[in-house]
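1. sequence first, predicted coordinates after that:
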Amino acid sequence: MREMVPTDDHTNAPGATMVKRVRLDRDGDIGVLTFDNPPVNAVSAEVIVDLAAALDAYDADPGLIGLVVRGAGSSFVAGGDIRIFDDPAFSAQPINTLLARIEASGRPVVVALHGSALGGGLEIAMACHYRVAAPETRLGLPEVTLGLIPGSLGTQRLPRLTSLALAADMISTGKPIQSDAALRAGLIDDIAADPLTAAKTACRQIANANAALKRASTLPVRDAADVEVLLAPLDRNAAAKPHLPALSALARSLRAAATKPWAEGEATEARAFSALVPSPPSRALRHVFLAERAARHIPDLPAGTTPRPVERVGILGAGTMGTGIAMAFSDAGFPVALVDASQPGLERGLGLIDKACAGSVKRGRLTEEEAASLRGRITGSLKIDALSDADMIVEAVFEDMALKQRVMTELGTIAKPGAVIASNTSTLDIDVLARASGRPGDVVGTHFFSPARIMRLLEVVRGAETAPDVLATVMKVARAIGKTAVVSGVCYGFIGNRMAEVYMRESEAMQLEGASPAEIDGVVESPDWIGMAMGPSRMLDMAGVDVGARTVIEWIKSGDGPQHPAYRILCRTLNEAGRHGQKTGHGYYRYEGRDALPSAETAALAARLAAEHGIARRNAIPEREIFERLLYAMVNEAALILADGIAARASDIDVVWTAGYGFPAWRGGPLFMADEIGAGEIVARLEHYAQALGNADGRWTVAPLLRTLAANGGRFADLT
Ligand code: COA
């Protein structure tokens, strides 16, 4: 029987006074070095200190013939601790020195990998002499997704261990590979169901055979002669995206790996990495990574709240949203009952699902069998009773208050006790719907984005009476179906559409003042200003001008919305004229296929509406003004949303925009951008527009929270 005897007092056992994040144990004549820094063994400053101490202890013990390196818990090491990059004193040098020490060791060092070996985790593994991985291990260098390149010699060791071709692909996409591919590529040496035992065996064999140790830094890059051909796609990508400097830095580092001696490659990577760490795109991408994870934590949920079990799901309404939601659940393995009141409606919905399944097979995303089981999990029915055994029901009927209230009353009756009843709405008051159900504690809003199967964002709308375990259930289910969930309180448009409304408002106001849709979209889409996937007019044309107009009309009708006669008059008039966007061939733009072309009719309409409403026209609106009126109006609205408690934290708002509205993650979201610009500047410009354009409707009134930030030099990120 093997014995694990700790060689020091380093232990994370409960009650231990000094928590050591790396410990050295002994298994006979083998040292076992364990990374133990929950949850994912990220390499923090403390880990580096403890790693140095563990290596000292190993070096001081000549009785050990070799070292096995492993990670405790569900994973090896997921990378550098993302938070330490924000420390101005951060340097990769200390960890790199330790990795050089591991590689230079005269005794074999074998790493046992399982779970994720990502970023710094894979770089540690590549400094070892031999690598054994469990079958499902994911190995990758995802730093580019954080606006970085690997900083612990990943750009130098990976091409030497595998090939320049694979290294360029893996590092530029950031996508991990699995053990079998890693074995074929030479990145690992063995696959074993029990990698720790296999690593110990390999370590003993190598030590006893006195075999030569494989040191990655001494290997040649075998396809170095093809460097220019292999790096050409990366060069092109870097040239096309100058706002993502990690790409050109990666090309430089890989070129150095292929063409220069080790020391020069090492220096090239170090220079590039340290320049990228404080760069705005990297800080923004790191912010989004942490913001998405922070959004899962609901500050006032009672500790120990247990989600309700969800095994069966029901969807009411087989329209575009209902079928998309049904597929999102089925993709994740949930059996789904899909109910529609009308036979043609149900048939159309099931037809859409069949078509989507066939499309997934055609594009190679699913095999025939996978598509068949995805389809097989969805059962259509015309009877609402088919939902009575579902643990969670999502109603996705037409966005109409009276209809949704009726439906909620029915669901309140037929849903089994304890079932979660979710309403998929983009604007309606969840509290009214919850009351209609007669069991408001079970009710929650789920605002899926279209297309619901694909779009990552899910706004989870918490009603006044939503039970804590219902909220916890929906957050858990959201994760299971691959959605990024953000909790919103109840208000018109919730977080995302409430902000989108002021953005659309300004876009249309500027069109009445003389800017073309293309000029406005151009600023929004340009990486020099924001770099969004799509500007406001193109987005509305795609989503449907009729859909956009309907919510505005309802809002105005309700009496809560703006009563100014010119409010979004362009959208409302386009709608009345049947110009509903891409689907009718005309909207803000005119369409030839999917190509959006300038529309003389829209321009004439804007000029006519401006004249009718006494709005002064200008020949041109400067790009800066377009940028400021769109972004700063949204930031001001976000400050109101925060003050109203609709969003729990500023970073949640950034997640809504980056995951749901095509706001570029490398900008960090509207509030990260606002912090970069400074609240003082934003307030000054809002005041300028109040003066220049008039503020009778109050739209340029500075939100008190924003004014406070400006007065104190504060940042949204620091609000608690
Ligand atoms: N640094 C610091 N914390 C990290 C981290 C890192 N590199 N990677 C993950 N975490 C934290 C998360 O913030 C989260 O914390 P929380 O529970 O307090 O919210 C926790 O670990 C679990 O991560 P999560 O992403 O929620 O779990 P998962 O099982 O879905 O995915 C990983 C695990 C490792 C695949 C994923 O977290 C990941 O891709 N991490 C980043 C890897 C990376 O980019 N490494 C290179 C860094 S240079």
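-> That came through, no problem.

2. give the full set of residues in contact with residue 331.
-> Shown in contact with residue 331 (Cβ atoms under 8 Å, 6 or more residues apart in numbering): 374, 453, 481-482. For the C-beta atoms, the positions are set from N, CA and C on the backbone; glycine is no exception.

3. ugh, typo on my part, it should be residue 645
-> residue 489.

4. cool, and the one 4 residues further on?
-> Contacts here follow Cβ under 8 Å, 6+ apart; on that basis residue 649 touches 294-295, 299, 642, 719.

5. repeat for residue 628
-> So residue 628 contacts 685, 689 (Cβ under 8 Å, 6+ apart).

6. same check, this time on residue 642
-> Applying Cβ under 8 Å, 6+ apart, the residues near residue 642 are 649-650, 653, 705, 716, 719.

7. how far does whichever strand or helix holds it sit from its chain's centre?
-> Using DSSP states H and E, residue 642 sits in helix 623-643. In terms of Cα atoms, centre = their mean, to the nearest Å, the centre of helix 623-643 is set 22 Å apart from its chain centre.

8. quick check: mean pLDDT of the following helix or strand past that helix?
-> Note on helix 623-643: by DSSP H and E, the next helix or strand toward the C-terminus is helix 650-660. On average, the pLDDT along helix 650-660 is 98.

9. is any part of helix 650-660 close to the ligand?
-> No: Helix 650-660 does not reach the ligand (Cβ under 6 Å from any ligand atom); its nearest approach is 12.2 Å.

10. how about stretch 97-115?
-> No: remark: stretch 97-115 sits outside contact range of the ligand, by Cβ under 6 Å from any ligand atom, the gap being at least 7.8 Å.

11. which parts of that stretch are buried?
-> 98-103, 105, 107-115 (16 or more other Cβ atoms under 10 Å).

12. before we move on, what about stretch 342-349?
-> Across stretch 342-349, burial judged by 16+ other Cβ under 10 Å covers 345-346, 349.

13. over to stretch 441-454?
-> Applying 16+ other Cβ under 10 Å to stretch 441-454 flags 441-449, 452-453 as buried.

14. that one: end-to-end distance?
-> Distance between the two ends of stretch 441-454: 29 Å, counting by Cα to Cα, to the nearest Å.

15. that older thread, in a markdown table: the buried residues of stretch 342-349, plus secondary structure, distance to the ligand and pLDDT.
-> Compiled in a markdown table, those are given as follows (DSSP: H, G, I helix; E, B strand; the rest coil; distance: Cβ to the nearest ligand atom, whole Å; pLDDT from 0 to 100):
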| residue | secondary structure | distance to the ligand | pLDDT |
| --- | --- | --- | --- |
| 345 | helix | 37 | 97 |
| 346 | helix | 36 | 97 |
| 349 | helix | 32 | 97 |
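
16. mind listing the strands for the stretch 151-300 of the chain?
-> Under the criterion DSSP state E, counting those that start in this stretch, the stretch 151-300 of the chain contains strands at 177-178, 190-191.

17. tell me what the last one is packed against?
-> In terms of contact count using 3 or more Cβ pairs under 8 Å, 6 or more residues apart in numbering; DSSP states H and E, strand 190-191 is assigned the packing partners strand 130-133, helix 179-185.

18. give the pairing partners of it; include direction for each.
-> Sheet pairing of strand 190-191 (DSSP bridges) gives strand 130-133 (parallel).

19. pull the CA atoms of the strand it pairs with into PDB?
-> C-alpha atoms of strand 130-133 as PDB (Å, rounded to 0.1, in the frame of the first residue of the first chain):
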ATOM      1  CA  TYR A 130       7.000  14.100 -19.200                       C
ATOM      2  CA  ARG A 131       3.200  14.700 -19.300                       C
ATOM      3  CA  VAL A 132       0.400  12.200 -18.500                       C
ATOM      4  CA  ALA A 133      -3.200  13.300 -18.800                       C
END
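
20. just checking, next helix/strand downstream of it?
-> Next in sequence after strand 130-133, counting helices and strands by DSSP H and E, comes strand 138-140.

21. what pLDDT, on average, does that following strand get?
-> For strand 138-140, the mean confidence score works out to 98.

22. now check that strand, is it near the ligand?
-> No: if you take Cβ under 6 Å from any ligand atom as the test, strand 138-140 misses the ligand, and the best it gets is 7.1 Å.

23. cool, and stretch 243-251?
-> No: Stretch 243-251 lies apart from the ligand when judged by Cβ under 6 Å from any ligand atom; the minimum separation is 11.3 Å.

24. for that stretch, the distance to its chain's centre please.
-> Computed by Cα atoms, centre = their mean, the chain-centroid distance of stretch 243-251 equals 21 Å.
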